[in-house]
Every structure is written in structure tokens, then in C-alpha cells.
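J.: Predicted structure and sequence below. I'll ask about it afterward.
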Amino acid sequence: MISPWAKRNFVDHTLTDQSSIIRFIEDNFGLGRISGGSSDLYAGSVLNMFDFSQHPNQGKDVLLLDPSTGLPVGHGSV
């Protein structure tokens, strides 16, 4: 999970898939489930991967990537 609120060095063994993102959005904004047999009803939650009690690092520990190479900027070659 990539987010300023993602737990650092955390491994979650919850079974998730692409529909887990839909479920997170529905749960986070109180939207309810998509009807018609959508798999978001059965999707594993990604909520455990976040810690919303902490504030993001306000610019600390920022990783910038070069858009043409995808390599970290200012860290030399990897």
C-alpha cells in the first residue's frame, strides 16, 4: 500500500484483490455496496494497512521518482 497513512514495515495477510479498493472507498465514504452481485461485497478489507491516527510526515521520508527512468531522484543509480 502506498499512502502517507500506510503502516510502515507492515505485512497484512488478509486476502485482498482489486475489488478491495472499491470496498475501501465505499466504507470510507459511507456509500454502501454496489448492487448486482459485485465482488466488493466479499472483498477483503485494506483498512488494516492504514494508521489514520498518525499525521503524515509533512514532507519527511519523501521518495521522488524520475518520470523517465522510474529511479529515485538524488540517490544515485540503484
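T.: It's in.
J.: Leaving out sequence neighbours, find the closest residue to residue 56.
T.: Here the nearest residue to residue 56 in space, its sequence neighbours aside, is residue 4; by C-beta to C-beta, 6 or more residues apart in numbering that works out to 3.2 Å. C-beta: built from backbone N, CA, C; applies to glycine.
J.: right, I mislabeled it, should have said residue 41
T.: residue 33 (5.3 Å).
J.: Make sure that neighbour is actually in contact with residue 26.
T.: Yes - taking C-beta atoms under 8 Å as the contact criterion, residue 33 and residue 26 are neighbours in contact, 6.1 Å apart.
J.: Between the two, tell me which one has more neighbours.
T.: Between residue 33 and residue 26, residue 26 has the larger neighbour count (other C-beta atoms under 10 Å), namely 17 against 13.
J.: Tell me which helix or strand that one sits in.
T.: In this structure, residue 26 sits in helix 18-28 according to DSSP states H and E.
J.: tell me which residues in that helix are buried?
T.: Burial within helix 18-28, assessed by neighbour count using 16 or more other C-beta atoms under 10 Å, is assigned to 19, 20, 22, 23, 24, 26.
J.: Could you check the pLDDT of the third one?
T.: Residue 22 is assigned a pLDDT of 87 by the prediction.
J.: shouldn't it be in contact with residue 44?
T.: No - here residue 22 does not reach residue 44: they are 11.8 Å apart, not a contact under C-beta under 8 Å.
J.: follow-up on the earlier one: is the residue nearest to residue 41 in a helix, a strand, or coil?
T.: coil (DSSP: H, G, I helix; E, B strand; the rest coil).
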